[in-house]
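*Asks:* fold the following for me, if possible:
(2 chains)
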2 protein chains.
Amino acid sequence: MVNIAVMGYGTVGSGVIEVLQTNKERIDQRAGDEIHVKYILDLRDFPGDPIQEKIVHDFQVIAEDPSIQIVVEVMGGIEPAYTFVKKCLMAGKSVVTSNKALVAKHGAELLSIAREKNINFLFEASVGGGIPIIRPLNSSMTADEIEEITGILNGTTNYMLSKMFYEGADYEEVLKEAQEKGYAERNPEADVEGYDACRKIAILSSLISGQQVDFEDIYTEGITQITKEDMMYAKAMGMTIKLLACSRRDEDHIHAIVAPYLLSSSHPLYSVNDVFNAIFVHGNVLGDAMFYGSGAGKLPTASAVVSDIVDEVKHLNRNIMTMWDQDKVELLPISDTSKRFFVRIKGEPQAMKAHLESKFGPIEIVQVEPLEGEFGFLTEIMTEGHFEQCQKEFPSILHRIRVEG
Amino acid sequence: MVNIAVMGYGTVGSGVIEVLQTNKERIDQRAGDEIHVKYILDLRDFPGDPIQEKIVHDFQVIAEDPSIQIVVEVMGGIEPAYTFVKKCLMAGKSVVTSNKALVAKHGAELLSIAREKNINFLFEASVGGGIPIIRPLNSSMTADEIEEITGILNGTTNYMLSKMFYEGADYEEVLKEAQEKGYAERNPEADVEGYDACRKIAILSSLISGQQVDFEDIYTEGITQITKEDMMYAKAMGMTIKLLACSRRDEDHIHAIVAPYLLSSSHPLYSVNDVFNAIFVHGNVLGDAMFYGSGAGKLPTASAVVSDIVDEVKHLNRNIMTMWDQDKVELLPISDTSKRFFVRIKGEPQAMKAHLESKFGPIEIVQVEPLEGEFGFLTEIMTEGHFEQCQKEFPSILHRIRVEG
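*Replies:* Presented below is the predicted three-dimensional model:
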């Protein structure tokens, strides 16, 4: 029997208990041992709930019980999660977490403690909810140099953009609906400004580079500026707009970015709709692969947490190799990175095309019937720095959106 | 240093050598040891090729060399592959294979020998080419009861059906084109009759049930009867036609089938086109997930083989748990399984609807403008057995296609 403790009895924590109960037989069989939840750490009491007898309010009870071999951290936030997790690892207890903020900030350090102690620190649920992505990157795609990861990593914004695309709804309208349905928080900033996706792509970038990528260094642009007019242009071009989190290797550099992108219908991420997440991976020998599933939600996230518990039971006192050390990797300055841009501008295309092409180079004009007095154009591939310089010369530019691929 | 032998220097075998060379540094780092190819078994010689010095023609050289710890079988076919692999395992050498026929037929036995010898028998490349699916099922989705796996597991037929859908081409036409491009064999039977997909879904079915599913027991229908008229109806209904390989758990039974299915545009597999493969998985707590990528091809397949080699180097003398024993699981008779059907029939809908509904129950009529003297209809969910009985009463039925979901 392996004793575990669960820290936090919120949505994910209660999901973990539910999954462990629902699939107990199969899970114990897969783990090769019986998994027993001895403690649940929460400030609250849950009178009437059968788990009440396991509730403890003091972290020390867990830290000081040598019979606890695995601790599950599903409290969220940096503190006290960081202090607790570090203490558990130092005490020789393996840790599973779903906490993307913690992993993005302290992952490298916590992994190094786990390595030293010959135990494990696993975090499958921190990216992509229930989608298996961390373990496949670590243990399946071991024959490849991963050259690119591009993900739809935030379900809230993907739900909103899907609504805007399919129903022609405006941003404010879909935000309100997402809040009513419980998909968006009252304060939606973490989702709509891209901060959530940013932490997740920081974790993935660290894993593919084997070094620390700080989320603060990643250029991050949310979806708050995306309008229904933008979507009309996207449709006219046979494209859609998605909030993408990308990480590309360019020799020793990494280019990481979170931003809304125009995506053509032939891209595997094009048809990832609603609250679903997907992660596109390009390996130098594997080619293209994609992982798709529920990026959030109580049970899918709990499923990922429990799969980590099973892996830790199978590897008690044996470290599973995860390459992510504390040396910082240098991110390519955004101005040096290249892509195509879509631009909306006031005016008439006939009158302006020559002037625009004298600055931007060859452009492709896009017009949408109901939108008068403006038009759109696509540039060829150019650097962000050069684009910005050109953009300055045209104050009538309304909006620009990056183009993927 | 870990010495390995590669049996078979065909497409996959030469891909394995190429991948091991191209990504040597990363692969050795991931494996935690240097991987050294000592022998390549092939009947041919390859004068001028730097691997010529490693070529051996006699299997015994490999079997009797105690320094060989891992053997890669990429010859294909049941014999001599089965005899060779079994001998290697009995001699305490871990084996990696990409051979779906071998795994479908002898997987359970070979796994049990590996377990007994505390070594490994891995076969990631046998299903879905480069797509990580076997290892995720085994090591990632350990918290779930997998209730369904539905895959597009054959690239050749998916290429053909995509062409028929997008270009309105006829079966014979696209088959010829696929043969010219090298996607289809001169004798295309294994692909177009569904035999290849059948072996792959047999492997996946065995893995999700933990018991032996014989491929001979799986109802298998190919795509040779699919016409451009069928695709016209599919389009009119906002659907497409895909060759699906499905396996569903129904309490203690498994329902497995390979057949062309109508698929609605909201299904994640709808937009999997060309030679790509994808595997949709439904877990009882995870919900829906999908794995997408290159289902065939030299380097993607070799990438999967090499990831198995890496895993075996990391687990020399330590068996990785794979649940698949030799007890046969009972497949639900096809006549007892339920689904919707689409039917094309000669005649006029007005005149025939009442009679059809008196047998099939409520139906939904579908008409396609250019097709005169016939129409289509969708039934509600009914058993295959009941459908077949009803079908007998209408000799003017032209074709029936199953409907997914």
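*Asks:* in three-state terms, label the residue of chain A most remote from its centre for me.
*Replies:* When distances are taken from the C-alpha mean of chain A, residue A:351 lies farthest, 43.2 Å away, according to C-alpha atoms, centre = their mean. At residue A:351, secondary structure determined by DSSP: H, G, I helix; E, B strand; the rest coil is helix.
*Asks:* okay, it and residue B:379: tell me how far apart.
*Replies:* Applying C-beta to C-beta, to the nearest Å, the value for residue A:351 to residue B:379 is 59 Å. To be clear about C-beta, it is placed using only N, CA and C from the backbone, and glycine gets the same treatment.
*Asks:* likewise for residue A:40?
*Replies:* Counting by C-beta to C-beta - residue A:40 and residue B:379 are separated by 50 Å.
*Asks:* try residue A:5
*Replies:* In terms of C-beta to C-beta, residue A:5 sits 53 Å off from residue B:379.
*Asks:* with residue A:302 instead?
*Replies:* 38 Å.
*Asks:* near residue A:45, how many other residues are there?
*Replies:* 11 (other C-beta atoms under 10 Å in any protein chain shown).
*Asks:* next: the one 10 residues further on.
*Replies:* By the other C-beta under 10 Å criterion, the neighbourhood of residue A:55 contains 17 residues.
*Asks:* ok, it to residue A:47 distance?
*Replies:* In terms of C-beta to C-beta, residue A:55 sits 10 Å off from residue A:47.
*Asks:* equivalent analysis for residue A:153, please.
*Replies:* 38 Å.
*Asks:* who's more crowded, those two?
*Replies:* Just comparing residue A:153 and residue A:47: by other C-beta under 10 Å the higher neighbour count belongs to residue A:153, 31 against 7.
*Asks:* how about the contacts made by residue A:313?
*Replies:* By C-beta atoms under 8 Å, 6 or more residues apart in numbering or on different chains, the contact set of residue A:313 is A:2, A:31, A:32, A:33, A:35, A:70.
*Asks:* if you set the cut-off to 6 Å instead, what comes out?
*Replies:* Taking C-beta atoms under 6 Å, 6 or more residues apart in numbering or on different chains, we find residue A:313 in contact with A:2, A:31, A:33.
*Asks:* cool, and residue A:331?
*Replies:* Contacts for residue A:331 (C-beta under 6 Å, 6+ apart) come out as A:217, A:254, A:256.
*Asks:* swap the cut-off to 7 Å and go again
*Replies:* A:213, A:217, A:253, A:254, A:255, A:256 (C-beta atoms under 7 Å, 6 or more residues apart in numbering or on different chains).
*Asks:* go on, residue A:322?
*Replies:* By C-beta under 7 Å, 6+ apart, the contact list for residue A:322 reads A:111, A:138.
*Asks:* helix/strand/coil for it?
*Replies:* coil.
*Asks:* got the domain ranges for chain A?
*Replies:* A:1-128+A:296-312, A:134-292, A:333-401 (the TED database).
*Asks:* what about the shortest one, average pLDDT?
*Replies:* To tie it back to what came earlier, the one meant is domain A:333-401. Domain A:333-401 shows an average pLDDT of 96 in the prediction.
*Asks:* and what of the longest one?
*Replies:* Per-residue confidence for domain A:134-292 averages out to 95 on the pLDDT scale.
*Asks:* that one close to chain B?
*Replies:* Yes: contact of domain A:134-292 with chain B (C-beta under 7 Å from any C-beta of the partner chain) involves A:135-136, A:139-145, A:268, A:271, A:283-292.
*Asks:* distance between the ends of that domain?
*Replies:* The first and final residues of domain A:134-292 sit 13 Å from each other (C-alpha to C-alpha, to the nearest Å).
*Asks:* cool, the shortest one as well?
*Replies:* Length of domain A:333-401, first residue to last, C-alpha to C-alpha: 18 Å.
*Asks:* next one: stretch A:29-43
*Replies:* Stretch A:29-43 has an end-to-end distance of 33 Å (C-alpha to C-alpha).
*Asks:* same question, stretch A:40-59
*Replies:* End-to-end distance of stretch A:40-59 (C-alpha to C-alpha): 10 Å.
*Asks:* what sits against residue A:38?
*Replies:* A:3, A:4, A:5, A:54, A:68.
*Asks:* now, which of the residues you listed lie within strands?
*Replies:* A:3, A:4, A:5, A:68 (DSSP state E).
*Asks:* would you list those residues in TSV and tack on pLDDT?
*Replies:* Putting these into TSV (pLDDT from 0 to 100) gives the following:
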residue	pLDDT
A:3	98
A:4	98
A:5	98
A:68	98
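*Asks:* what ranges does the stretch 251-400 of chain A have for its helices?
*Replies:* Assigned by DSSP state H, counting those that start in this stretch, the helices in the stretch 251-400 of chain A fall at A:298-314, A:349-360, A:384-392.
*Asks:* now the first one: average pLDDT?
*Replies:* The reference is to helix A:298-314. Here the average pLDDT along helix A:298-314 is 97.
*Asks:* return the residues of the stretch 251-400 of chain A in contact with chain B.
*Replies:* Residues of the stretch 251-400 of chain A lying close to chain B by C-beta under 7 Å from any C-beta are A:268, A:271, A:283-294, A:299-300, A:302-303, A:306-307, A:310-311, A:321.
*Asks:* now these: which count as buried?
*Replies:* A:268, A:271, A:283-294, A:299-300, A:302-303, A:306-307, A:310-311 (16 or more other C-beta atoms under 10 Å in any protein chain shown).
*Asks:* pull the distance from stretch A:380-389 to the chain's centre.
*Replies:* On the basis of C-alpha atoms, centre = their mean, to the nearest Å, stretch A:380-389 sits 27 Å off its chain's mean C-alpha point.
*Asks:* end to end, how far does that stretch reach?
*Replies:* Terminal-residue distance, stretch A:380-389 (C-alpha to C-alpha): 15 Å.
*Asks:* who are the packing partners of the one helix or strand residue A:18 maps to?
*Replies:* Element membership for residue A:18, per DSSP states H and E: helix A:11-22. Under the contact criterion of 3 or more C-beta pairs under 7 Å, 6 or more residues apart in numbering or on different chains; DSSP states H and E, helix A:11-22 touches strand A:2-7, strand A:35-41, helix A:298-314.
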